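Participant: dropping the sequence and predicted coords here.
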Amino acid sequence: MKLIFLGPPGAGKGTMAKRLAKDRKIAHISTGDLFREAIARESELGLEVKAIIERGDLVPDSLTIQLVAERIKAGDCAGGFILDGFPRTIGQAEALEKLVGVDAAVNFGLSDEELVRRLSGRRLCPACGRTFHVDFMPPQVPDLCDSCGAGLIVRKDDQIDSIRNRLSVYQKQTEPLIGFYSRRGLLKNVDGAPAPEAVFSALKKTLALP
Ligand code: AMP
């Protein structure tokens, strides 16, 4: 099963992608995670994309497409994958079409107000990568990671100016993909507003999974 997860930042794509990938035993490919790993390693790619990501802009198509083209060749993608956060532009979607066909593009919808609330409350453990939310998944001790005890941080791109920029970039560059996949008969819509359990059930239902 080859899937694309679309939707604005904060709509829950990442959470659902991780969960479904585990459930179906397929690969989870998050371009945001791949870029953050490159930044943490201070690789050439990481140094090139750091400032772009912190501002909430999109990494150029050429770099992003190359990264995904390499990643989907890996052995763990043979049985299927979920692309989480890719494609984000029509150029990326056209490039992907040339690389591989997909079974569906799932679009997670959420209001702008709720997106801002979700993104601005997100907290990240810089040591182990675990994520929390001040309202929906607070750590047991405020601002400390439950798993490793490190101090939690706000991702630079979850700060309010970057959030506004990411939402406007989404509307201009990524929203047109809804029409792109709808015209190809691949689009499935899922409401991202309910609790994660309910969103996951709706996701499985729309994909006709047991
Ligand atoms: P995410 O974790 O998916 O919200 O991605 C974090 C950031 O990584 C985005 O705001 C972009 O700067 C960059 N990024 C992730 N995926 C893409 C993509 N498909 N195209 C361009 N930039 C991306």
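Facilitator: Great, that's in hand.
Participant: helix/strand/coil for residue 108?
Facilitator: Here residue 108 is recorded as strand under DSSP: H, G, I helix; E, B strand; the rest coil.
Participant: from here on, count from 269
Facilitator: Done: numbering now begins at 269, and the last item shifts to residue 376.
Participant: that one against residue 274, yeah?
Facilitator: Yes - using CB atoms under 8 Å, residue 376 is in contact with residue 274, at 7.1 Å. Heads up, the C-betas are built off the backbone N, CA and C, glycines and all.
Participant: gap between the residue in the chain positioned nearest to the ligand and residue 285?
Facilitator: As assessed by CB to the nearest ligand atom, the ligand sits closest to residue 300 within the chain, at 2.1 Å. Between residue 300 and residue 285 the computed distance is 11 Å (CB to CB, to the nearest Å).
Participant: so between those two, which is more surrounded?
Facilitator: Using other CB atoms under 10 Å as the criterion, residue 300 and residue 285 rank with residue 285 on top: 26 against 18.
Participant: quick one: secondary structure of the most far-flung residue of the chain relative to its centre?
Facilitator: Distance from the centre of the chain peaks at residue 409, with 27.1 Å (CA atoms, centre = their mean). Applying three-state DSSP to residue 409 yields a three-state assignment of coil.
Participant: tell me the confidence at it?
Facilitator: With respect to pLDDT, residue 409 has a value of 97.
Participant: what does residue 280 give?
Facilitator: 92.
Participant: so which residues on this structure come close to the ligand?
Facilitator: 277, 299-300, 303, 320-321, 324-327, 332, 353-356, 360, 425, 434 (CB under 6 Å from any ligand atom).
Participant: show me which of the residues you listed are buried.
Facilitator: Neighbour counting by 16 or more other CB atoms under 10 Å classes 277, 299-300, 303, 321, 324-327, 332, 353-356, 360, 425, 434 among those as buried.
Participant: mind listing which of those are in helices?
Facilitator: Counted as lying in helices by DSSP state H, out of those, are 299-300, 303, 321, 332, 360, 434.
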